[in-house]
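Participant: Curious how this folds, go ahead:
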Amino acid sequence: MADKNGTKLLDTETPPGDEVENIVADLVTPLRVAPKLDGLPTVSDLDKGYEKIFTLIESGDHAAVEKFLEERGHLVKITPKIGCSPIHYSTLNVANTENENEDSPLIKAVKVDCKMAEIIIKYGGNPNHTNKDRDTPLSIAANRLDKDTIDALLRAGGNLRAAAVKLTSALRYVSEKQLKASKETGFSVRPLTVLLADDAYLKCRDPIKAAFDVCKDIRRIKDVRHEFEIEFDLLLKDADLFTYKFLNNCDKMFEAREILISSTNLLRSAIDARRKRFVSHPFCQQIINERWLGETANTLLFGKTKIAVKYFTSPIMLPLLLLKFLLIDVCRGIPFMESSFSDLMRLLFTPCLCFVTDAINYVGFLAVMISTCLVEFGVGTYEVTTIEYVLYYCVFARIFIEVDQLIQQGRKRYFSRFWNYIDVVVISLLVAAAIYKGFIKHIVDLQESFYQEQEDELEDNTTYYKNLEVLLIHQHRNSMNVNYIYAVAEFILTIRLMSLLEIHKSLGTMLIALKYLVADVIKFGVILLAVVVGTSICIYCMTIALNEYTSEVSFIMNITYNWPDGYPKLLPDPNDAERRIEIPAAFQTFTDTIRNILWGSFGLLNVSQVYRNDQPTTEFINVMMILYVLLSCVLLLNMLIGILSSTFNAVKENCDIEWKFARSQLLKEYSKGQPFLFLFFPILFPFIIWFRAKLTEEHKKKAEKETTLMDESERDRMISTVCDRF
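Facilitator: The predicted structure is shown next:
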């Protein structure tokens, strides 16, 4: 393109290599540094031209706008879904100038019609420009419900997620007063629905990633604006269905693998975002199986036997192979990642072998825990036994493992898994038990030494033996407290061991259903607790009033019954059991009231403890108990049965999806696991750190070889092919 004097302004084709910087320098130097050179427009002339294009766009004259851009702008080559070279998006291009509100010509054109927007796009208008209000051309077109303009912007490389973020941000942050002042439709979901209609993700460069990103933003706003929950659920369901159907259009496995794990690891993103249906797709499951099994996949019995031998002999072979690398392989010039030591470490870091290692560790940990709980009390119960030393070593190794997982997975991902909380609780209990027992031993040693010194000074040994007896009683009591902690930790650790059953399809599905059922029971327990406490307070208030009334009546009865002879006996004998007023035994204290009412929900209340006499207060208590039983037993318990049945049926219907997703989470957890048993882990832990550093360095080198974003890589071509099939 050239100006009227024949001066070349900018080529229409995207310049290769370093010529981009030279062209920018050629443009910037005459326009900014020497604006008064002959044959070039001055800055004031450019500003006037920039103002003119906004005036022409607002007038709606398509021909005038196109003629102006032919004179002052330049046509660009637009790659579908990617756009043109970033150099055209600079403010040196008349199609990307800004007014006082930082609006670009394309933003103004979108407010007119689709044809005007297409004219600006042809001359390099930036489809992702944002103004002061953070509006983009796509978000404005969505607010205008202009589907044709939305399609044109997406074909030119418009950012679908940025528009969705703007629309959902309006739903979250804009007040009613601001909406009325600007006359916008921020509290309507229709603009977002129009933006995402007709498989809009298909028009993006990476359809699956675009769908994931948009769904992530919709889930955030869904928790804020509950009135639009149904609409948001429909949008999420459509996106989930689109991603699944998109993978269905991949003809071969290598296409799906290139789309899912090349450049951006969409499979890991899907697992993190809990996209259960997408993760359960056969293509995703094949990739998960390959990574889960590693070298053990597709091997015969002999090959698996060799792998088992390598696994169990690894603690001995690793130091020897490391010496071999340092003394022999280095002299031969063999790189570290190609050595036999590295090959064995890669094998040990296979997720399935890390899972086997973790299972063996937990079984051994539980066995030591049970042995500790079964140790009988002896004379020196405060002494640390041999099995307890073994237990403390296991706890020490488990702390190393959990800290390593926390570092590798990150705090958010680590605490997003329920079983990690169980590990933290078990470790905390055992550490507290070890500290408590050490404190007991220290105190007992001090007291024994004190009594031993006083033994010779005492004239009578009776006092010494009494003190020693008290010491032994306290010693046994404190040791029992430690055993209580051991028992609780053993119970929780047994539950933790159940998590290993997720690898089995039938048992894993039942375990998944059990987790959902436990969540429902906890919700039900909150409602039941509120009913129990409310009823208990009501009944206990009546018992307090009855207690005060009984005390006053008993006092009066004692006075009137003991009047001198000749006076009438107005009240009966206070010692007459049949006529005496008593508080029901089940409600004499507030603790008894709560306990008996709670057991009454399950039919375990002794009715004879409630019906004591015919006083109005006790009759009122009986009426309240009848109402409570109707509410808890007839309504709440039956509601709980219905909820549990519904939850179990829902899990049963989607058992295949639920189990496959649970197994994918195991892959995510054990892909950064540790491959050594408790016995060797503290010793071989430096090998893990060193090898992970080498793996990270290797991954960075691979990432540097990937194609740049502007180049249409093989992955982009595959995505375009799948989109055409779709």
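Participant: just for the stretch 1-150 of the chain, where's the confidence low?
Facilitator: 1-50, 88, 91 (pLDDT under 70).
Participant: how about the helices in it?
Facilitator: 19-28, 43-59, 62-72, 105-110, 114-122, 137-143, 147-155 (DSSP state H, counting those that start in this stretch).
Participant: Which helix or strand contains Asn638?
Facilitator: helix 637-653 (DSSP states H and E).
Participant: Give the buried residues for that helix.
Facilitator: Neighbour counts using 16 or more other C-beta atoms under 10 Å place 640, 644, 647-648, 651 of helix 637-653 among the buried residues. No exception for glycine: its C-beta is placed from N, CA and C like everyone else's.
Participant: Just give me the closest of these to Ile87.
Facilitator: Closest approach to Ile87 among the buried residues of helix 637-653 (C-beta to C-beta): Val651, at 54.7 Å.
Participant: returning to what we had before: quick one: least confident of the buried residues of helix 637-653?
Facilitator: Among these, Val651 carries the lowest pLDDT, at 82.
Participant: In contact with that one, which residues?
Facilitator: 509, 512-513, 516, 658 (C-beta atoms under 8 Å, 6 or more residues apart in numbering).
Participant: can you rerun that using 10 Å?
Facilitator: Neighbour list for Val651: 509-510, 512-517, 657-659 [criterion: C-beta atoms under 10 Å, 6 or more residues apart in numbering].
Participant: do Leu106 as well
Facilitator: Counted by C-beta under 10 Å, 6+ apart, Leu106 has contacts 57, 95-96, 116-117, 119-121, 123-129, 136-137, 140, 153, 156, 158.
Participant: now do Ile503
Facilitator: So Ile503 contacts 292, 352, 355-356, 359, 659, 662-663, 666 (C-beta under 10 Å, 6+ apart).
Participant: Please convert the buried members of these into ChimeraX selection syntax.
Facilitator: Buried residues within the contacts of Ile503, by 16+ other C-beta under 10 Å, are selected in ChimeraX with:
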select :292,352,355,356,659,662,663,666
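Participant: Surely Lys108 and Glu102 touch.
Facilitator: No - at 11.7 Å, Lys108 does not count as touching Glu102 under the criterion of C-beta atoms under 10 Å.
Participant: Looking at the two, which has the bigger crowd around it?
Facilitator: Lys108 (23 against 13; other C-beta atoms under 10 Å).
Participant: Please name the nearest non-neighbouring residue to that one.
Facilitator: Excluding the flanking residues, the one nearest Lys108 by C-beta to C-beta, 6 or more residues apart in numbering is Ile57, at 4.5 Å.
Participant: correct me, but that neighbour touches Val94?
Facilitator: No - contact criterion C-beta under 10 Å: Ile57 and Val94 do not qualify, at 11.7 Å.
Participant: Those two: which has the busier surroundings?
Facilitator: Ile57 (26 against 22).
Participant: show me the contacts for that one.
Facilitator: 64-65, 68, 103, 105-112, 116-117, 119-120.
Participant: center of the protein, which residue is that?
Facilitator: Ser416 (4.4 Å; C-alpha atoms, centre = their mean).
Participant: could you pull out the helices for the stretch 551-700 of the chain?
Facilitator: 590-600, 616-629, 637-653, 655-670, 681-704.
Participant: burial count for the closest residue to Arg205 other than its chain neighbours?
Facilitator: Take Arg205 and drop its neighbours on the chain: the residue closest to it by C-beta to C-beta, 6+ apart is Lys81, 4.4 Å away. For Lys81, the count of nearby residues is 21 (other C-beta under 10 Å).
Participant: how near is Lys81 to Asp251?
Facilitator: 21 Å (C-beta to C-beta, to the nearest Å).
Participant: One more: Phe415?
Facilitator: In terms of C-beta to C-beta, Phe415 sits 41 Å off from Asp251.
Participant: Repeat that for Lys324.
Facilitator: 46 Å.
Participant: Neighbour count: those two, which is higher?
Facilitator: Set Lys324 next to Asp251 and count neighbours by other C-beta under 10 Å: Lys324 wins out with 15 against 11.
Participant: Figure out the helix or strand that that one lives in.
Facilitator: Residue-wise, Lys324 maps onto helix 301-324 under DSSP H and E.
Participant: contact partners of the next helix or strand after that helix?
Facilitator: Remark: after helix 301-324, the chain's next helix or strand is helix 330-332, criterion DSSP H and E. For helix 330-332, the surrounding residues in contact (C-beta under 10 Å, 6+ apart) are 324-325, 336, 339.
Participant: Turn the helices of the stretch 1-150 of the chain into TSV, including distance to Val482.
Facilitator: Formatted as TSV, those follow (distance: least, C-beta to C-beta, whole Å):
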stretch	distance to Val482
helix 19-28	73
helix 43-59	80
helix 62-72	84
helix 105-110	71
helix 114-122	75
helix 137-143	63
helix 147-155	66
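Participant: Looking at these, which is nearest to His226?
Facilitator: Using C-beta to C-beta, those put helix 137-143 closest to His226, at 22.4 Å.
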